[in-house]
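> What shape does this take:
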Amino acid sequence: MKHIQFPFLFLFLLFCSAYAYGGIGQLLPKPQNIKKNNNYFQMDKVYLSTPVLEKEWTDFISSTGGQIVKQSEKKIEVILVDDIPTALYNKDEAYTLTVTKNKIKVESISQKGVYWAIQTLRQLQVEGKVKPTFEGCEIIDYPAFRIRGFMQDVGRTYISMEELKREIAILSQYKINVFHWHLTEDLGWRLESKIFPMLNDSINYQRMPGRYYTLEEARELVEFCKQHNVLLIPEIDMPGHSLAFRKAFRHDMQSKEGMTILKLLMDEVCETFDVPYIHIGTDEIEFTNPDFVPEMIAYIRNKEKKVISWNPGWNYRPGEIDMTQLWSYRGKAQEGIPAIDSKFHYINHFDAFADIISLYNSKILNKEYGDRDHAGSIIGMWHDRYVTSEYDLLIQNGFYPSILALAERAWLGGGYEYFDKNGTMLPKEDSPEFRSFQDFENRLLWHKANNFKGYPFAYVKQTNVKWRITDAFPNEGELAKVFPPEEVELNNTYQYQGETYNTREATGAAIYLRHVWGTFVPTFYKDPQPDHTAYAYTYVYSDKKQHVGLWINFQNYSCSEKDLPPPQGKWDYRESKIWINNNKIHPPKWLSNHTEKSNETPLTNENFEVREPISITLNKGWNKVLLKLPVGKFSTHEVRLVKWMFTCVFVTPDGNKSVDGLIYSPDKKI
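Residues are numbered from 1 along each chain as shown. As a prediction, the model looks like this:
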């Protein structure tokens, strides 16, 4: 895939000035209630009446070809009201939007709702014959959850201010309202300190030495977030993940000296960040000082800041912390303490296709909608493994598709499970779960094509990709062992050593046979066992002979493990193979050859998203695709978290989208 880089300002202006034609059918996230009225509002000379966000409205009107005048039959009217009775939750972000032939009317309790109304209105623009046109409707809208956010782990990997602004700006268009800024880590303290400049000395960094944000840049980003209706939550991780602190001061944070220094640092942090919350971490550490956490919370609260902490971490009772963020399967929401769900939302472990299904279908905090104790969700993007390019960092984590899935689920609420029913698997086509995801996918791809040009966005249509997968054959640790699907015609059942092995259907561009998190997230096999070999096959119909690209992968290496690259000439360490029309498809030349594991050795072309698609010629008619999927142990020396899975889908030669007109059918049905 070719990486096309554009300056942030150019992309932002392009987005604002040439917003693609959408309309009601492409709204993302979907509004809670919407009704067409068959009117269309043409942007022209308009009279604007608004008590808030006048600049935002002016920019919107001018960017869509309009002009504000003192008198006009065309009118945009914004009214702040005391209540929106039809809004069931989070009324402070609710709005009503009515678009008729000559009038756009917005009602909201606060400017937050007005801002979201503008974003919805942008997406209502449809192609007009003469002037920019907006599809008429009546909308009543409000979020199910009050926190809908994403986290960037800049402590491990510095991300430029330009890139952070780019992400915040585009995602605020989709009603993402929180940016969690994980600023400090073992590898580096990324926030300037004027009182302790030794913290930013290059000698105290393990990665990207000396790359940090000035206090002025931090203030600038807070203001930028406010302009985009986004709450910035800075995190200073304590007392764990603090090697950079210890290197600078030669004191542990939990020591008397360490706490004295840390309080002075928190003075600086609280003065710099004009925000209501400070996140203090407290995860993955042995507490040696029982007074540390309570004392630090009290100190920060005395500065009129609320405090957020990871869970698991310190054990809190109601009133001792203002909010917790659940980070592992052990994390639990507690009555009396608002919770943020990040438990199965670590996208650095995700596959680009399968995990987005479970993310979209699953209820946040296993609740239909939020309440006092259930605040919402933040997607975590952790950068344990060094990746040199910001573009690669985002595309290998499936950043934008995943966050857009969360944006809709957190806004709409609901869902069908909590990562525990179908998990990463799409159910049958006649199910509401399938239809719901298919509808989301169609809108997601529309926004990819129209509003994310130049952005790292490796997702293509997968709801039409059908497979048949065998029961797993026992290989007794012999990963190259051959089984019947390689030796006989493809069939629905096979005989092996007196046993019958059946096949079942599966849908998707990527299929997990066993998830990276084991059986916590359901996959194709309910009880996957090591030392087994599976086969997956389908037939692909092409109406002509054509050259296409192939996205193929058997182990997504993610950005949180120091796994070794595959051996040259092999797809992985498991003897996985793929044949197309009985021709074996060989892997590319791997750019990495290192044999010592290190998080500081960058990923190169191990993951399919950052390499050119494999060039394939499809014949006219049916084309046979067969995959061999062995697995040994689920954790090995080379790969700590073995993903028994595959990714396989045909794309355009540039990898930008799926190939039009292909039919995937293991039973050759058109």
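
> Tell me, how many residues neighbour D237?
Residues lying near D237 (other Cβ atoms under 10 Å) number 25. Every residue, glycine included, has its C-beta placed from N, CA and C.

> got the contact list for it?
Contact partners of D237, counting by Cβ atoms under 8 Å, 6 or more residues apart in numbering, are 155, 182, 184-185, 280-281, 283.

> next one: G25
Here G25 is in contact with R443 (criterion: Cβ under 8 Å, 6+ apart).

> Give me the secondary structure label for it.
Secondary structure assignment for G25 (DSSP: H, G, I helix; E, B strand; the rest coil): helix.

> mind checking how far it is from L326?
35 Å (Cβ to Cβ, to the nearest Å).

> ditto for D201
Separation of D201 from L326 (Cβ to Cβ): 35 Å.

> Neighbour count: those two, which is higher?
Taking neighbours as other Cβ under 10 Å, D201 and L326 compare with L326 leading, 24 against 14.

> so what's the closest residue in space to the more buried one that isn't next to it in sequence up against?
Distances taken as Cβ to Cβ, 6 or more residues apart in numbering place K343 nearest to L326, at 4.8 Å, with adjacent residues excluded. Shown in contact with K343 (Cβ under 8 Å, 6+ apart): 326-329, 331.

> which one of these has the most neighbours?
L326 (24 neighbours).

> just checking, it touches P338?
No - at 11.2 Å, L326 does not count as touching P338 under the criterion of Cβ atoms under 8 Å.

> re the thing from before, with secondary structure as extra columns, can I get the contacts of D237 in CSV?
Formatted as CSV, the contacts of D237 follow (three-state DSSP):
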residue, secondary structure
G155, coil
H182, strand
T184, strand
E185, coil
I280, strand
G281, strand
D283, coil
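
> host element of E408?
Taking DSSP states H and E as the definition, E408 sits inside helix 399-412.

> For that helix, enumerate the helices and strands it packs against.
strand 147-153, helix 161-172, helix 354-361, strand 374-381, helix 432-451 (3 or more Cβ pairs under 8 Å, 6 or more residues apart in numbering; DSSP states H and E).

> got CSV for those, with mean neighbour count too?
Formatted as CSV, these follow (neighbours: other Cβ atoms under 10 Å):
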stretch, mean neighbour count
strand 147-153, 25
helix 161-172, 20
helix 354-361, 26
strand 374-381, 26
helix 432-451, 18
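
> can I get those in CSV with distance to Y400?
What follows is the helices and strands packed on helix 399-412, written out as CSV (distance: least, Cβ to Cβ, whole Å):
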stretch, distance to Y400
strand 147-153, 10
helix 161-172, 8
helix 354-361, 11
strand 374-381, 11
helix 432-451, 8
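
> mind listing what's buried in stretch 219-237?
221-222, 224-225, 228-237 (16 or more other Cβ atoms under 10 Å).

> ditto for stretch 661-670
662-666.

> Among those, find me the one that's closest to N623.
Minimum separation from N623 among the buried residues of stretch 661-670 (Cβ to Cβ) is found for L662, which lies at 9.0 Å.

> got the residue ranges for the helices in the stretch 151-300 of the chain?
161-172, 215-227, 243-249, 256-272, 292-301 (DSSP state H, counting those that start in this stretch).

> now these as TSV including mean pLDDT?
Output for these, formatted as TSV (pLDDT from 0 to 100):
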stretch	mean pLDDT
helix 161-172	98
helix 215-227	98
helix 243-249	97
helix 256-272	98
helix 292-301	98
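
> Using JSON lines, lay out the ones you listed together with distance to P653.
Shown next, in JSON lines, are those (distance: least, Cβ to Cβ, whole Å):
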{"stretch": "helix 161-172", "distance to P653": "27"}
{"stretch": "helix 215-227", "distance to P653": "38"}
{"stretch": "helix 243-249", "distance to P653": "44"}
{"stretch": "helix 256-272", "distance to P653": "48"}
{"stretch": "helix 292-301", "distance to P653": "54"}
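
> low pLDDT regions in this protein?
1-21 (pLDDT under 70).

> can you name the farthest residue from the center of it?
Residue farthest from the centre of the chain, counting by Cα atoms, centre = their mean, is G498 at 45.9 Å.

> roughly how far is stretch 555-567 from the heart of the chain?
Taking Cα atoms, centre = their mean, to the nearest Å, the mean C-alpha location of stretch 555-567 is offset from the chain mean by 19 Å.

> in that stretch, what's buried?
By neighbour count on 16+ other Cβ under 10 Å, the buried set for stretch 555-567 is 555-566.

> Output it in CSV with nothing but the alpha carbons.
Only the C-alpha atoms of stretch 555-567 are listed here, as CSV (Å, rounded to 0.1, in the frame of the first residue of the first chain):
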residue,chain,number,x,y,z
GLN,A,555,-0.4,-13.7,12.2
ASN,A,556,-1.2,-10.1,12.9
TYR,A,557,1.9,-9.0,14.8
SER,A,558,0.2,-6.0,16.5
CYS,A,559,2.1,-3.2,18.2
SER,A,560,2.4,-4.6,21.7
GLU,A,561,4.7,-7.6,21.3
LYS,A,562,8.4,-8.0,20.5
ASP,A,563,7.7,-11.0,18.3
LEU,A,564,10.2,-12.1,15.8
PRO,A,565,9.5,-11.7,12.1
PRO,A,566,8.5,-14.7,10.0
PRO,A,567,11.3,-16.9,8.6
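
> when you give positions from now on, start the count at 317
Sure, I'll start numbering at 317, so the last one becomes stretch 871-883.

> ok, so what distance separates the most centrally placed residue in the chain from Y771?
Most central in the chain under Cα atoms, centre = their mean is S718, positioned 2.8 Å from the mean C-alpha point. Noted for S718: a distance of 13 Å to Y771, by Cβ to Cβ.

> Could you do G629 as well?
G629 is 34 Å from Y771, by Cβ to Cβ.

> neighbour count winner among those two?
Between G629 and Y771, counted using other Cβ under 10 Å, the more crowded position is G629 (22 against 19).

> rewinding a little: would the residue nearest to L642 count as being in a helix?
No - going by three-state DSSP, the assignment for K659 is coil, not a helix.

> State the phi and psi torsions of it.
Per-residue torsions, K659: phi -60, psi -50 (degrees, to the nearest 10).

> What about N682? Give its phi and psi, please.
phi 60, psi 30.

> quick one, what contacts it?
Y734.

> ditto for A723
By Cβ under 8 Å, 6+ apart, the contact list for A723 reads 344-345, 464, 487, 490-492.

> So which of these are in strands?
Judged by DSSP state E, strands contain the following of the contacts of A723: R464.

> related to what we said a few turns ago, of the helices and strands packed on helix 715-728, which is nearest E451?
helix 748-767 (14.4 Å).

> Just the CA coordinates for that closest one, please, in PDB.
C-alpha atoms of helix 748-767 as PDB (Å, rounded to 0.1, in the frame of the first residue of the first chain):
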ATOM      1  CA  PRO A 748     -30.300  -8.700  13.200                       C
ATOM      2  CA  GLU A 749     -26.700  -8.700  14.400                       C
ATOM      3  CA  PHE A 750     -25.500  -9.300  10.800                       C
ATOM      4  CA  ARG A 751     -27.800  -6.800   9.200                       C
ATOM      5  CA  SER A 752     -26.800  -4.200  11.800                       C
ATOM      6  CA  PHE A 753     -23.100  -4.700  11.100                       C
ATOM      7  CA  GLN A 754     -23.600  -4.800   7.400                       C
ATOM      8  CA  ASP A 755     -25.400  -1.400   7.500                       C
ATOM      9  CA  PHE A 756     -22.600   0.000   9.600                       C
ATOM     10  CA  GLU A 757     -20.000  -1.400   7.200                       C
ATOM     11  CA  ASN A 758     -21.700   0.200   4.200                       C
ATOM     12  CA  ARG A 759     -21.600   3.600   5.900                       C
ATOM     13  CA  LEU A 760     -18.100   3.200   7.200                       C
ATOM     14  CA  LEU A 761     -16.800   2.500   3.700                       C
ATOM     15  CA  TRP A 762     -18.700   5.500   2.300                       C
ATOM     16  CA  HIS A 763     -17.000   7.700   4.800                       C
ATOM     17  CA  LYS A 764     -13.600   6.100   4.100                       C
ATOM     18  CA  ALA A 765     -14.000   6.800   0.400                       C
ATOM     19  CA  ASN A 766     -15.300  10.300   0.800                       C
ATOM     20  CA  ASN A 767     -13.900  11.800   4.000                       C
END
